[in-house]
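Asks: Dropping the sequence and predicted coords here.
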Amino acid sequence: MLTALRGGHGDAPDALRIDGHALSREQLLAAATAVADRIAGAPALAVLARPTAATVTAVVGGLLAGVPVVPLPPDAGPKERGHILRDSGAALLAVGAGEQPPDDTGIPVVPVDPAARSAATHPEPAPDAPALILYTSGTTGAPKGAVLGRRAVAADLDALAAAWCWTAEDTLVHGLPLFHVHGLVLGVLGALRTGSRLVHTGRPTPQAYAAARGSLYFGVPTVWSRVAADGPAAGALAAARLLVSGSAPLPVPVFERLAALSGHRPIERYGMTETLITLSTRADGERRPGSVGLPVAGVRTRLLAEDGAAVPHDGETVGELQVRGATLFDGYLGRPDADAEAWTADGWFRTGDVAVVGGDGFHRIVGRASVDLIKSGGFKIGAGEVEAALRDHPAVSDAAVVGAPDADLGQAVVAYVIAADGVTGDQLTAFVAERLSVHKRPRRVVLVDDLPRNAMGKVLKKQLLTEG
Ligand code: MCA
Ligand code: AMP
């Protein structure tokens, strides 16, 4: 799967630059093999996914050993962390040597040293073996583990390399988290399959992107909107080959400002944790603002109306986007109920996104079917999980969470809460940030006496959004 890791593509002493470390691929392979030696045979390996060389080493070690890797968001609070560790069945937790692991995990820690070396060889795992278990939020309940097979990861990376003319000549730059598809699969494994160099900037700030002098840049729309607001940083990206946006809709004005300042019309691509990246504009094709282009190699899409009828490809009529093909996941871990809901009887995956397709096949994502899935800064956040965390607070009797439009984050998590007198919005925000990942915390808490409901007792979230 990581074809560029073992020679044949040349090597550089700084093939990987991250958190102040520079590693050659040969060193990464030796250190990752030392991890593989220690974990071989484990049912799954959790990795505390800080943006470090140790994290990359641990992930590659899991992949070499054929042990499914479960990236753990480093800021996950005890509620979220406990769920991911229990649900995934991870038997070991990889943590950078010298770093402090969380003290409540109850599973043995594997300290990871990017300077370690082993020359052992591990047999190549079967192509249909699971590579990663990535936790992704649904509308309600705790996040589900999406099992991604090695073949799907390889197929998607090859399809993206073709769409973006991504080669070993590139230097990829990004500063995205290493516990999601964007930063980990595309942003790390992509470099190890294509042989491109990788510079991880730590944080995805405009200044760090400008200073990195790469050829290929990845970002979520929040990153690109911050770059587009920083003239000198955007101008410095003129020297790059390709800018790629994904994980959430790139606003058309951001596309245009970025194009004007950097001279690059960004690629926009669309995907999901479950499907990997399925649609993209191309390096050698038209890059149209607001459009996510065509299916990548190996993927097919269809658009269905609510009654199941096919929707005309007229660029106007909306339908639910369904996908199938080589890049799709194997299913939700231990959740046949969720699988049954997600797949149609004839084998298509329901994305839950609403789209239109033009006569030329270009896709435009126009929204989500559910108000309960929020995209904030490119992170998917289930309203139900945040509501449940708020209800755990002894002073809270009810809560409704919505994604309000936000110029920086796309959507911001806003919580409407019925709580006993005396509790403050800041206290509730901190309570959620401590229990779940910090990015799931409400950016605004509105204390209310009552929540608007329909005759069935369901909260009217659209009314909350329009009336505030
Ligand atoms: C703030 N902080 C707090 C609190 N408030 N800590 C504890 N309690 C609080 N109440 C701290 C945070 O820990 C962090 O600290 C700092 O304040 C800033 O946090 P935040 O405001 O959340 O950061 P931001 O600057 O607004 O983040 C913007 C961002 C981020 C960098 C764009 O949203 C991001 O990384 N997004 C990427 C998401 C992504 O990769 N999605 C891909 C999903 P400290 O400074 O210590 O850290 S994969 C996907 O969607 C599909 C497959 C696809 O298509 O790609
Ligand atoms: P995640 O569950 O974090 O993998 O997020 C997947 C969701 O992100 C998709 O279902 C879409 O709603 C959204 N998404 C990803 N890329 C794009 C894009 N280019 N435009 C619009 N929405 C996107």
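Replies: Okay, I see it. Ligands and ions are numbered 1, 2, ... in the order given.
Asks: From Thr222, how far out is the residue in the stretch 301-450 of the chain that ligand 1 sits nearest to?
Replies: Going by Cβ to the nearest ligand atom, ligand 1 is nearest to Gly377 of the stretch 301-450 of the chain, at 2.4 Å. Placement of C-beta: from N, CA and C, glycine included. Applying Cβ to Cβ, to the nearest Å, the value for Gly377 to Thr222 is 5 Å.
Asks: same deal with Val396?
Replies: For Val396 relative to Thr222 (Cβ to Cβ), the value is 29 Å.
Asks: got any residues that touch both of Gly377 and Thr222?
Replies: Ala248, Asp408, Leu409, Gly410 (Cβ atoms under 8 Å, 6 or more residues apart in numbering).
Asks: what's the closest residue to the last one other than its chain neighbours in contact with, if anything?
Replies: What sits nearest to Gly410 in space, not counting adjacent residues and going by Cβ to Cβ, 6 or more residues apart in numbering, is Ala248, at 4.9 Å. Applying Cβ under 8 Å, 6+ apart, we find Ala248 in contact with Val220, Pro221, Thr222, Lys375, Gly377, Gly378, Gly410.
Asks: still on that earlier bit, which of Gly377 and Thr222 has more residues huddled nearby?
Replies: Thr222 (22 against 19; other Cβ atoms under 10 Å).
Asks: Would you confirm that that one belongs to a helix?
Replies: Yes. Judged by DSSP: H, G, I helix; E, B strand; the rest coil, Thr222 forms part of a helix.
Asks: Could you list the contact residues of the protein toward ligand 2?
Replies: In this structure, the chain approaches ligand 2 at residues 136, 181, 246-249, 268, 270-273, 292, 351, 353, 365, 368, 375, 380, judged by Cβ under 6 Å from any ligand atom.
Asks: gap between the residue of the stretch 51-200 of the chain found nearest ligand 2 and Gly422?
Replies: Residue nearest to ligand 2 within the stretch 51-200 of the chain: Thr136 (4.6 Å; Cβ to the nearest ligand atom). Distance from Thr136 to Gly422, counting by Cβ to Cβ: 36 Å.
Asks: Of these two, which one has the most company?
Replies: Neighbour count, other Cβ under 10 Å: between Thr136 and Gly422, Thr136 has more, with 18 against 7.
Asks: Double-check that one against Pro143; I have them as touching.
Replies: Yes. Using Cβ atoms under 8 Å, Thr136 makes contact with Pro143 at a distance of 5.7 Å.
Asks: all strands for the stretch 251-400 of the chain, in order.
Replies: With strands called from DSSP state E, counting those that start in this stretch, the stretch 251-400 of the chain shows them at 267-272, 276-280, 294-295, 299-304, 319-325, 331-332, 349-357, 363-368, 373-376, 379-382, 396-406.
Asks: Counting neighbours, what do you get for Asp284?
Replies: Asp284 has 9 neighbours, counted by other Cβ under 10 Å.
Asks: roughly how far apart are it and ligand 1?
Replies: 21 Å (Cβ to the nearest ligand atom, to the nearest Å).
Asks: got it, and Val35?
Replies: In terms of Cβ to the nearest ligand atom, Val35 sits 24 Å off from ligand 1.
Asks: which two from the shared contacts of Gly377 and Thr222 end up farthest apart in space?
Replies: Farthest pair in these (Cβ to Cβ) is Ala248 and Asp408. Separation: 11.8 Å.
Asks: Are there residues contacting both of those two? Which ones?
Replies: Common neighbours of Ala248 and Asp408 (Cβ under 8 Å, 6+ apart) are Thr222, Gly377.
Asks: Mind jotting down where the helices sit in the chain?
Replies: Taking DSSP state H as the criterion, the chain carries its helices at 25-39, 53-65, 78-88, 150-164, 190-194, 206-212, 221-228, 231-236, 252-262, 336-342, 383-391, 425-435, 461-467.
Asks: So which elements touch the last one?
Replies: Right, helix 461-467. Under the contact criterion of 3 or more Cβ pairs under 8 Å, 6 or more residues apart in numbering; DSSP states H and E, helix 461-467 touches strand 396-406.
Asks: Paired strands for the strand it packs on, with orientation please.
Replies: Partner strands and pairing direction for strand 396-406 (DSSP bridges) are strand 410-419 (antiparallel).
Asks: Measure how far the strand it pairs with is from the centre of its chain, please.
Replies: Relative to the centre of its chain, strand 410-419 is centred 22 Å away, using Cα atoms, centre = their mean, to the nearest Å.
Asks: tilt between it and helix 425-435?
Replies: Angle of strand 410-419 versus helix 425-435, following axes from the mean of the first three to the mean of the last three Cα atoms, to 10 degrees, is 110 degrees.
Asks: so for strand 410-419, what's the average pLDDT?
Replies: Average pLDDT, strand 410-419: 98.
Asks: 38 is where my numbering starts, stick with that
Replies: Right, with 38 as the first residue, what we last looked at is strand 447-456.
Asks: buried ones in the helix or strand of the chain with the lowest mean pLDDT?
Replies: Here the helix or strand of the chain ranked lowest by mean pLDDT, DSSP states H and E is helix 498-504, holding a mean of 91. Within helix 498-504, the residues that count as buried by 16 or more other Cβ atoms under 10 Å are Lys498, Leu501.
Asks: ditto for stretch 455-463
Replies: So, applying 16+ other Cβ under 10 Å, buried residues of stretch 455-463: Ile455, Ala456, Val460.
Asks: I'd say the first one and Asp486 touch.
Replies: Yes. Taking Cβ under 8 Å as the definition, Ile455 is a contact partner of Asp486 at 6.8 Å.
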